[in-house]
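1. my questions concern the predicted model and sequence given below.
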Amino acid sequence: MRTSFSSRRLLRFLLAILFAVCATTYSVLWIIHNQHSKPQSGFTNYQYSAAAGSMTVGEVILGSAADRAGLRPGHRIYAIDGQRLDTLRPFYEEIVVGQNDVLELTVEDPSSPGKQRQLELPVHGGRRVPPRTMELNDLLGLAVDYYPLGFLVVGVVVLLLRTDDANAWLLALLFGGFLAVAPLFEGNIPPPFRGFAVFYKLVMSWSGLALFYYFFAVFPSQSPVDRKVPWLKYVLLAAALITTIPIGIRCLFAGGTLPLYLGFHWPGAEFFKSVLALQNGSPTPAPRGWLSLGVTFYFWAFIGAIALGLASLISNRFLSTDAQVRRKAQVMVLGTVIGTAPIMCLVSAAALLGFVRIPMAVWQVAVLLLSTLWPLSFAYAVVKHRVLEIPLLLRRSARYVLVQRGYIVFLLAAGAIAITLFTHTISRFLVQGSNVGMTVSALFGIALVWLSTPAVKRGTQRIDRAFFRSAYDARVILQDLAEKARTVTDRDELAWLLESKIEGALHPKSLACYLEGNDGLLITLSGSRHPGPETSSAALPRPYFPRRFGAVFIPEQMDTIPTSLPLLHELAVRGKAWDVPQGPDTSIGSTPLTPECLVPILGRDSRLIGLLLLGPRL
């Protein structure tokens, strides 16, 4: 059983690593790809005819390059850069993923049948985007440039810290899906990664919309909506996966969305092609009516999933009878509503009014709220309010990285600068002797490391004392305990030493020390009775001993403990500290007396000669 459990944990950890790698790879690709321009064709709503080998322009954006080049609605395009449109492959290669600066279109005016002419269409694709300025529009655009980062950091960190928690997996997958919601122009993705990027975007972005409802339907507790229709979350997620995975796999192996332009027949393929093209500004197929069954399901079903997710979260905040559930929902509801509601309203409005009719600044503000406020509110809820029960680990990890690792980076940078300055100085005197100069510089570096080692050690200790004082004090106290334990002459003195040192190192709310007596029983000894300068002015209360009743441990006050108890035999065999399963607290006044940890003290023959009972830490 132990091996199976370890194998499952290892598998979950490996899957978490795989997810983190995929999400990070996509995020990096997206940020890099967003630094280059997308071709602006200036026309949309085309109708393609394979029989005629042409595509008819449906709409031309006023003032665009296509409008200035003379392209008009109703014009038929027969060739792009000399490639006939027997299929849509030339359209895909030259416009959808093209990096051209100018396109040559062979068009026919419907008013002059048979007369074809050439149009030069500037599209300006693949150019490096100029650096951002300090103007408001550019500052708002920074949220778009680094859109995935907030979702990536919060989702991956929570998952790697809680790989055994189903809610952590749901949160990571939810954020992993939302980081892929942003428009993706596959032409700016390097060809070896293009298929992966399209696969990840198709599968994860639509799954993320379904997971939005799934997550809030079950977290922080089952919502009223989920209690009435518990199957709905599975239907939405299954619909997203069943529809997108076959399309995503086809695009993965094709290296892009080309199969969608060559007539790949699968439910939703035409719709997803239109959405991808609409997001990145590429020409889209002419709409066939918003009331079609496919569009109604794939669009409004997932917009509805967002609304249901928000309704579930809000209902847990105000309608739940559990105070803990209301507390967790309260710290999430504000950031989630403010972060997601504006962008969902804009997407719904754009579906009815058109994307070009909504000012860009409005989109930028909505994206800023979605990509920063929402993940940051979750990070705050996790760290500050223990929504996923990992605040202490996150805080310690953050302090460790920022302080200790920052100190190491500072030392490395200072050493590199010192060596560089030394090398630059001696090079003035050893212009011809480059080998001598390299040798002298290497010796200087070795001497610098050797001489700075004591200073580095002292600096590390000072950082520990300043920023990690509890851990530093505990290490010093326990080292002192190990040295003084060798000089103990009787049991009372040992009990006093153990209690005083452990109290100073671990700060438990309650503490008891049991040592073996002459009759084979473990007897509690009060270390505070021993005279000494370190005697505490007020002895800590003594926690109760956990007696096993079936599968439940009941705290019971005991002055002596028989060594024949099965629990003590198990502790002696294990030889390690044991965390007591927590039940209802038993307390006198406000002092908790339920033990949190039992620590066996073993003799040389692995026989149990003592026991420490520790209550919760202050």
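-> On my side now, so go ahead. Numbers count the residues shown, from 1 in each chain.
2. mind listing what Gln40 touches?
-> For Gln40, the contacting residues are 64-65, 123-125, 281, by C-beta atoms under 8 Å, 6 or more residues apart in numbering. C-beta here means a position set from N, CA and C on the backbone, and glycine is covered the same way.
3. got it, and Ser205?
-> Under the criterion of C-beta under 8 Å, 6+ apart, the neighbours of Ser205 are 177-178, 180-181.
4. do the same with Asp109
-> Asp109 is in contact with 72, 74-75, 115, 117, counting by C-beta under 8 Å, 6+ apart.
5. the same query, at a cut-off of 6 Å, please.
-> Residues counted as contacts of Asp109 (C-beta atoms under 6 Å, 6 or more residues apart in numbering): none.
6. ok, Ala20 next?
-> Contacts were defined as C-beta under 6 Å, 6+ apart; by that measure Ala20 touches Val156.
7. name the element it belongs to?
-> Here Ala20 sits within helix 2-33, counting by DSSP states H and E.
8. swap in Met558?
-> Per DSSP H and E, Met558 falls between elements, in no helix or strand.
9. my guess is it contacts Phe545. True?
-> Yes. Applying C-beta atoms under 6 Å as the test, Met558 and Phe545 come out as touching, 4.5 Å apart.
10. and these two? Which one has more around it.
-> Remark: of Met558 and Phe545, Phe545 carries more neighbours, 26 against 17, as counted by other C-beta atoms under 10 Å.
11. per-residue confidence for that one?
-> The per-residue pLDDT reported for Phe545 equals 82.
12. so where's the stretch 201-350 of the chain uncertain?
-> By pLDDT under 70, the low-scoring segments of the stretch 201-350 of the chain are 287-302, 350.
13. circling back: in a markdown table, list the contacts of Ser205 along with pLDDT, distance to Pro224 and secondary structure.
-> A markdown table is the format used below for those (pLDDT from 0 to 100; distance: C-beta to C-beta, whole Å; DSSP: H, G, I helix; E, B strand; the rest coil):
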| residue | pLDDT | distance to Pro224 | secondary structure |
| --- | --- | --- | --- |
| Gly177 | 92 | 25 | helix |
| Phe178 | 91 | 25 | helix |
| Ala180 | 91 | 30 | coil |
| Val181 | 88 | 27 | coil |
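14. now do the helices in the stretch 151-300 of the chain.
-> Along the stretch 151-300 of the chain, the stretches classed as helices by DSSP state H, counting those that start in this stretch are 166-178, 191-218, 224-228, 232-254, 258-261, 269-280, 293-295.
15. still on that earlier bit, and the contacts of Gln40, which two are furthest apart?
-> When these are compared pair by pair using C-beta to C-beta, the two farthest from each other are Ser64 and Gly125, 14.1 Å apart.
16. any idea how far the most centrally placed residue in the chain lies from Asn34?
-> Per C-alpha atoms, centre = their mean, the C-alpha nearest to the average position across the chain is that of Gly155, at 1.8 Å. Taking C-beta to C-beta, to the nearest Å as the criterion, Gly155 is separated from Asn34 by 20 Å.
17. and Glu556, by the same measure?
-> The spacing between Glu556 and Asn34, counted by C-beta to C-beta, is 64 Å.
18. those two: which has the busier surroundings?
-> Remark: of Glu556 and Asn34, Asn34 carries more neighbours, 21 against 11, as counted by other C-beta under 10 Å.
19. Provide a list of residues in contact with that one.
-> Remark: with contacts taken as C-beta under 6 Å, 6+ apart, Asn34 is in contact with Asp145.
20. for it, report the pLDDT, please.
-> According to the per-residue confidence, Asn34 scores 85 in pLDDT.
21. would you mind measuring from it to Val21?
-> Noted for Asn34: a distance of 21 Å to Val21, by C-beta to C-beta.
22. what's the answer for Leu451, then?
-> 41 Å.
23. before we move on, what about Gln99?
-> Using C-beta to C-beta, one gets 28 Å for the distance from Gln99 to Val21.
24. when those two are compared, which one has more neighbours?
-> More neighbours surround Gln99 than the other of Gln99 and Val21, with 15 against 11 (other C-beta under 10 Å).
25. A helix includes the more buried one, no?
-> No. In this structure, Gln99 is coil, not part of a helix, as judged by DSSP: H, G, I helix; E, B strand; the rest coil.
26. please name the nearest non-neighbouring residue to Arg194.
-> Across the structure, with C-beta to C-beta, 6 or more residues apart in numbering as the measure, the residue nearest Arg194 apart from its sequence neighbours is Gly256 (4.8 Å).
27. would you list the phi and psi of the one you found?
-> Geometry field for Gly256 lists phi and psi as phi 150, psi -170, criterion degrees, to the nearest 10.
28. correct me if wrong: it contacts Phe185.
-> No. The pair Gly256 and Phe185 fails to qualify as a contact (C-beta under 6 Å) at a distance of 11.1 Å.
29. any weak-confidence spans in the stretch 51-200 of the chain?
-> Counting by pLDDT under 70, the ranges of the stretch 51-200 of the chain that qualify are 125-127, 130, 132-138.
30. which residue ranges of it form strands?
-> 54-56, 59-60, 76-80, 83-84, 102-108, 116-122 (DSSP state E, counting those that start in this stretch).
31. what's the last one packed up against?
-> Here strand 116-122 is seen to pack against helix 65-69, strand 102-108 when contacts are counted using 3 or more C-beta pairs under 6 Å, 6 or more residues apart in numbering; DSSP states H and E.
32. which strands or helices does the first one pack on?
-> Meaning helix 65-69. If you count contacts as 3+ C-beta pairs under 6 Å, 6+ apart, helix 65-69 packs onto strand 116-122.
33. note down every partner strand of the strand it packs on and its orientation.
-> On the basis of DSSP bridges, the sheet neighbours of strand 116-122 come out as strand 102-108 (antiparallel).
34. for the partner strand, list the C-alpha coordinates in PDB.
-> Included here for strand 102-108 are C-alpha records, laid out as PDB according to Å, rounded to 0.1, in the frame of the first residue of the first chain:
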ATOM      1  CA  VAL A 102       3.100  43.500 -49.400                       C
ATOM      2  CA  LEU A 103       0.700  41.000 -51.000                       C
ATOM      3  CA  GLU A 104      -0.200  40.900 -54.700                       C
ATOM      4  CA  LEU A 105      -3.900  40.100 -55.200                       C
ATOM      5  CA  THR A 106      -5.400  39.000 -58.500                       C
ATOM      6  CA  VAL A 107      -9.000  40.300 -58.300                       C
ATOM      7  CA  GLU A 108     -12.000  40.600 -60.600                       C
END
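35. now it: buried residues?
-> Neighbour counts using 16 or more other C-beta atoms under 10 Å place 103, 105-108 of strand 102-108 among the buried residues.
36. just flag the most distant two among those.
-> Pairwise distances across the buried residues of strand 102-108 (C-beta to C-beta) peak at 16.4 Å, for the pair Leu103 and Glu108.
37. what domains does the record give for the chain?
-> Residue ranges for the structural domains of the chain, counted by automatic domain parsing, are given in the record as 2-33+136-212+234-305+333-389, 43-122, 393-467, 473-614.
38. quick one, which of those domains gets closest to Val225.
-> domain 2-33+136-212+234-305+333-389 (11.1 Å).
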